[in-house]
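**Q** No letters, just coordinates:
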């Protein structure tokens, strides 16, 4: 029987995994001169979300877990930023943007819930939303 780790049971990790797969699919059509730029950065940030959720789930103390969840959140916001830039550069269609953006917003919201942070939309402090 195959062991199932805690992160594999997390709905949030499953969403992050699905979003990361979508990022890989969407970035296949990016210009070749972006391979080591936006393409690589967006893919790495997506993978970072999944990895930090997994690593955080393996930590015993809440502060250790929350640190990894904060990093996952930051990586998810990085993906949103890169998605916006990709849309501005017309690497991503409006349709693809509107498909990915809500998934990323759901992801950031759920990471906030996971880490126990209160949403703060002012952007002026260390709030994670």
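**A** Looks like it arrived, so ask away. Quick caveat: nothing in here was measured; it's all calculated off a predicted structure.
**Q** need the contact list for the residue positioned nearest the centre of the chain.
**A** Closest residue to the average C-alpha location of the chain: residue 76 at 3.0 Å, with Cα atoms, centre = their mean. With contacts defined as Cβ atoms under 8 Å, 6 or more residues apart in numbering, residue 76 is in contact with 16, 45, 49, 104, 107, 108, 111. Where C-beta positions appear, they are placed from N, C-alpha and C, glycine not excepted.
**Q** Quick check: the farthest pair among those?
**A** Distance extremes for the contacts of residue 76: the farthest pair is 45 and 111 at 13.4 Å, using Cβ to Cβ.
**Q** can you list the residues that contact stretch 57-64?
**A** Contacts of stretch 57-64 from elsewhere in the structure, counted by Cβ under 8 Å, 6+ apart, are 5, 6, 7, 10, 13, 56, 65, 68, 116.
**Q** For PyMOL, write the selection for the buried entries among the contacts of residue 76.
**A** This is the PyMOL syntax for the buried subset of these, where burial follows 16 or more other Cβ atoms under 10 Å:
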select buried, resi 16+45+49+104+107+108+111
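**Q** Right, I'll call it a day here.
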